[in-house]
Structure formats: structure tokens, C-alpha cells
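**Student:** Here is a sequence together with a model predicted from it:
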Amino acid sequence: MINKYIEVIDYLESLQIMPKTMPGLEKIRTALELTDWYKKIDPSKVIIVAGTNGKGTTCAALESLLIEAKQRVAFYSSPHLVSTTERIRISGRQISQADFIEVFNQCFPLIKKCELSHFEALSLMAGHYFFSAKWAQNLDFVIFEVGLGGIYDATNAFPHKYSVITKLGLDHVNILGNSITEIAKNKFGIVASKNIVVHHPLPIEVNELKKTVQKSTNSNWVEAESCDFIIDKKNSIPRYFLKYNNTKFEINIIGKRAAENIMTALTLFQILGFDSGSFYGALNKIDWQGRMQKTVWPNLKCPFYLSGDHNLQGIDSLIEILADFKWKTLHLVVGIGVDKDATQMLKKLSELQNVKLYLTETPFKGLKINEYPEAYSELATNKDVNVINLLNQISDLASPEDLVLLTGSLYLVGEVLKKI
């Protein structure tokens, strides 16, 4: 038995964290079937969300709506930004460290016996916390955010009636495939027999695949509803509103991408039987950190945002959002993972107007300072392995009319949030 939170985390992080090849479901299914709660799960309460971008925001928006509707809802997400306990929460509250330790010790024999990976172990722990009679959570709905891909992700081992597919794009191509169709095939793997599937508008090249999966699973596919997207640009920091069913309401997650994710959540919310018009207020209090999140830094006089955009599609979306902002100088702090297209990501970011680029290292699987593409390494105003040093330097330089943005990796965002 382990009695200290940090020792539990050290043990979990000693397990395999990121697969080099496609994972499988054999080990997690074996572990789940050895529990006394797995076969009692009611699939009509379970929602699984896959996609390249927008999974977490969609989950968080749905969670916010369900909480507003007085439902008791669980949410399992990844990755965490500051504490592993963020990944397991009920009705918006993350599991306490004391409960996390207890859940770990209850699951440890199966984690060890089945040789589970880091994500598999956490998935088992989340399931145990949500469904076990030992915890008696009495949940109305459970939301699982897929970690990687779909078909072989540990979350896909949980029986579920509802599948959600968010925006598709090229990411983790070394594992998931080199084309949108290959990636879609993996993500569509969460669709089980007779599922209700709510999805973002899909790329035209996956339409035939969708029809094949729909027929083979006898599933019902529903495209997310659309809405009017309104931007108030009167000030340097924009405000965002949606107009749906003749009602205008503000959202607290920034940009058109947020609107698309929110509408996906809202579409499913209505399918679950709720009158969305009574709960629009929930969409201005979505709890989801690190996605164009406004924050503060000591002595910094201008606005400061954290945005964990970690692939080309995410960077495109970020640039679209930045078109709504005004600045004198944009101080852009970037850390990128080793398996990302750093050249294209930096090319797009460096083409922004009046930008100063700062390069750093993200704490997990990040490019080293000397590994950045030479052209952008030379272009950078400054480089430092320690992102805190860069932010302190920018605090001394930036004027109130400037804008500071940190992006490129959720792990980098988490590193800064720890300091904040």
C-alpha cells in the first residue's frame, strides 16, 4: 500500500506513458472484466468523445450543461495540466488527493497483474471511482475523453451508447496513419453497435468510410447543429457570442473553434432529452484551462494568454482567433513536441504582424533548443530552456498595448500554470 500522493504519481509515471505503436485493448479489458462493477455499467449513461482537436472543450461544455441541468456527471480527461487529479472529476470537482490514493490502492493489484500502462491504469482508476459500489457515486452521465486515436484507446473498452467525433486532422501520424481517412478509421472505431453518434462536419474524403461504419454498426449519425457566431471587437480583447434558436448568449471559451465544439455538445445535450434553451448560461462558465486562457504574470502590464495548440490544425485555429485581437507587439512564446511539424507551425506563427518569437522547451517529449529549425532559431528574439526566464524577461519589456501568448504544447501550458 502507498500512502503518499507523490509516491502514487511516481509509480504511475514509471509506467509506459506514450506508446511507440498502436496500443491494444487486451490488457485493459482483462483488468476491467476482473472488477465487480464492469459488467454492471449502464451504456445509456456513458459518452465517449474522440477527434483530433476539440475533444476536451466539447467534453467540458457538455459537462457544464449537464451540471446546470442538475445532473450528476463524471468526466475523465487527458492530459492534465498541473495535477493528475484533474483527469478524474465529478460535477466539476476533481478527485481529492486522498481519494486518488485510496482508488489507486484499490486498483493496484489489477494494475500490476495486467501490466497496465500509465493511461490504462488511470482509466481503470477512473472507472473504479465512477462505477464501483465502494464509492457509490450514483451518476447520471459519465464522459470519457479519448486519449489517443479511438479504436484501441483504453476508454473504448467501456460500454457506451453515445459516441462523439470532434474535428478531424493530421496528428500522431506515426501511430494513427498519414491520411485523414486512416485517422478517421481509427477514431470511428469508438462507434459501437446501435450507437448514437454526434459529429462535427466531416471532411468529404471520409464520407464513404462513415457510410461503411454506419451500416456495419447500425448506428445513428447526427451532424452537430450550426449557429450564428458573433464577435464583439469594440475593445482590444474580443467577446464571443452564439445565436441559436433566436437567442443570443455569451461563451467564455474563445473563438470559432469553441463555437463548433459547444454546438457539438449542445446537440448531444438535446439528444439526451434536455431543453437547451433553459441552460445557455452554462456556456459562459465552462471550466477548461489552457485553451486560449487569459491569465496573469507578475509585473506583466499587458494581456497574457495560454493556448495549448500542439498541431497544425490547432495553430490554424489559433491564428484565426488572433485576427480578432489588437496589439502593438505580439510576444509569442513557443515550445513544440518532437513529433510535431515544427517548421510549418513556426512558419505560420512567424507570419503574424509585429511578432517577437521566443523559443523554449516543453517538459514532456519536447524539442531541445538546439533542435528547432535553423531559420526560426535565428529569427527568435530569445531562446531559453526555462520558460519562466523568458516570461520574466518579457514582463520587463512589454508595454500595456502588447499581447503575450504562450503556445505549442499543453505540457508547456501546464508548466506555466504550476508557477501561476
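**Tutor:** Arrived safely.
**Student:** what about the residue positioned nearest the centre of the chain, helix or strand, and which?
**Tutor:** By C-alpha atoms, centre = their mean, the chain has its centre lying nearest to residue 56, at 3.3 Å. Residue 56 is located in helix 55-68, with elements delineated by DSSP states H and E.
**Student:** And the strands in the stretch 201-350 of the chain?
**Tutor:** Ranges of strands within the stretch 201-350 of the chain are 220-223, 228-232, 239-244, 247-251, 293-295, 304-307, 330-334, based on DSSP state E, counting those that start in this stretch.
**Student:** Could you count how many residues lie near residue 279?
**Tutor:** Residue 279 sits with 19 neighbouring residues when counted by other C-beta atoms under 10 Å. (C-beta placed from N, C-alpha, C; glycine too.)
**Student:** Which segments of this structure make up each domain?
**Tutor:** 5-225, 293-419 (automatic domain parsing).
**Student:** and of those domains, who's closest to residue 254?
**Tutor:** Closest to residue 254 of these, according to C-beta to C-beta: domain 293-419, at 5.8 Å.
**Student:** any weak-confidence spans in the chain?
**Tutor:** Where the chain drops to pLDDT under 70, the residues are 17-23, 170-178.
**Student:** can you list the strands of the stretch 201-350 of the chain in a markdown table and add distance to residue 91 and mean neighbour count?
**Tutor:** Shown next, in a markdown table, are these (distance: least, C-beta to C-beta, whole Å; neighbours: other C-beta atoms under 10 Å):
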| stretch | distance to residue 91 | mean neighbour count |
| --- | --- | --- |
| strand 220-223 | 26 | 15 |
| strand 228-232 | 29 | 14 |
| strand 239-244 | 24 | 17 |
| strand 247-251 | 21 | 15 |
| strand 293-295 | 21 | 16 |
| strand 304-307 | 25 | 23 |
| strand 330-334 | 34 | 24 |
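**Student:** nearest to residue 403, of those?
**Tutor:** strand 330-334 (5.2 Å).
**Student:** so what does that closest one touch, helix or strand wise?
**Tutor:** helix 342-350, strand 355-359, helix 387-397, strand 403-407 (3 or more C-beta pairs under 8 Å, 6 or more residues apart in numbering; DSSP states H and E).
**Student:** Quick one: closest of the ones you listed to residue 90.
**Tutor:** Using C-beta to C-beta, the helices and strands packed on strand 330-334 put strand 403-407 closest to residue 90, at 30.0 Å.
**Student:** between the next helix or strand after the closest one and helix 387-397, how many degrees?
**Tutor:** Remark: after strand 403-407, the chain's next helix or strand is helix 410-419, criterion DSSP H and E. Helix 410-419 and helix 387-397 are oriented at 70 degrees to each other (axes from the mean of the first three to the mean of the last three C-alpha atoms, to 10 degrees).
**Student:** can you give me the helices for this protein?
**Tutor:** Per DSSP state H, the chain carries helices over the ranges 5-14, 26-33, 55-68, 97-113, 118-131, 173-176, 180-187, 207-217, 256-271, 312-322, 342-350, 374-379, 387-397, 410-419.
**Student:** Quick one, which of the ones you listed gets closest to residue 365.
**Tutor:** If you check each of those against residue 365 by C-beta to C-beta, helix 410-419 wins as the nearest, at 7.7 Å.
**Student:** now that closest one, how far from the chain's geometric center?
**Tutor:** Offset of helix 410-419 from its chain centre (C-alpha atoms, centre = their mean, to the nearest Å): 14 Å.
**Student:** same check, this time on stretch 283-292
**Tutor:** 11 Å.
**Student:** wait, residue 373 sits on residue 344?
**Tutor:** No - contact criterion C-beta atoms under 8 Å: residue 373 and residue 344 do not qualify, at 9.7 Å.
**Student:** can you pull the contacts of the closest residue to residue 415 other than its chain neighbours?
**Tutor:** Leaving aside its sequence neighbours, residue 415 sits nearest to residue 363 (C-beta to C-beta, 6 or more residues apart in numbering; 5.2 Å). Counting by C-beta atoms under 8 Å, 6 or more residues apart in numbering, residue 363 touches 411, 412, 414, 415.
**Student:** what about the first one, distance to residue 81?
**Tutor:** Here the distance between residue 411 and residue 81 works out to 8 Å (C-beta to C-beta, to the nearest Å).
**Student:** where do the contact lists of these two overlap?
**Tutor:** residue 308.
**Student:** With distance to residue 111 added, can I get the strands of the stretch 201-350 of the chain in JSON lines?
**Tutor:** Below are the strands of the stretch 201-350 of the chain laid out as JSON lines (distance: least, C-beta to C-beta, whole Å):
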{"stretch": "strand 220-223", "distance to residue 111": "36"}
{"stretch": "strand 228-232", "distance to residue 111": "44"}
{"stretch": "strand 239-244", "distance to residue 111": "42"}
{"stretch": "strand 247-251", "distance to residue 111": "39"}
{"stretch": "strand 293-295", "distance to residue 111": "33"}
{"stretch": "strand 304-307", "distance to residue 111": "32"}
{"stretch": "strand 330-334", "distance to residue 111": "36"}
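**Student:** Tell me which of these lies nearest to residue 98.
**Tutor:** strand 293-295 (27.8 Å).
**Student:** follow-up on the earlier one: of the domains of the chain, which approaches residue 232 most closely?
**Tutor:** domain 293-419 (9.3 Å).
**Student:** thinking again about what came up before, so which of the helices and strands packed on strand 330-334 is nearest residue 9?
**Tutor:** Per C-beta to C-beta, nearest to residue 9 of the helices and strands packed on strand 330-334: helix 387-397, 21.6 Å.
**Student:** Which strands or helices does the closest one pack on?
**Tutor:** Counting contacts by 3+ C-beta pairs under 8 Å, 6+ apart, helix 387-397 packs against strand 330-334, strand 403-407, helix 410-419.
**Student:** which helices and strands does the second one pack with?
**Tutor:** Counting contacts by 3+ C-beta pairs under 8 Å, 6+ apart, strand 403-407 packs against strand 304-307, helix 312-322, strand 330-334, helix 387-397, helix 410-419.
**Student:** Work out the gap between that strand and the centre of the chain.
**Tutor:** With C-alpha atoms, centre = their mean as the basis, strand 403-407 stands 19 Å off its chain's centre.
**Student:** Which residues lie in contact with the closest residue to residue 354 other than its chain neighbours in this structure?
**Tutor:** Residue nearest to residue 354 in three dimensions, not counting chain neighbours: residue 329, with 5.3 Å by C-beta to C-beta, 6+ apart. Counting by C-beta under 8 Å, 6+ apart, residue 329 touches 354, 355, 356, 398, 399, 401, 402, 403.
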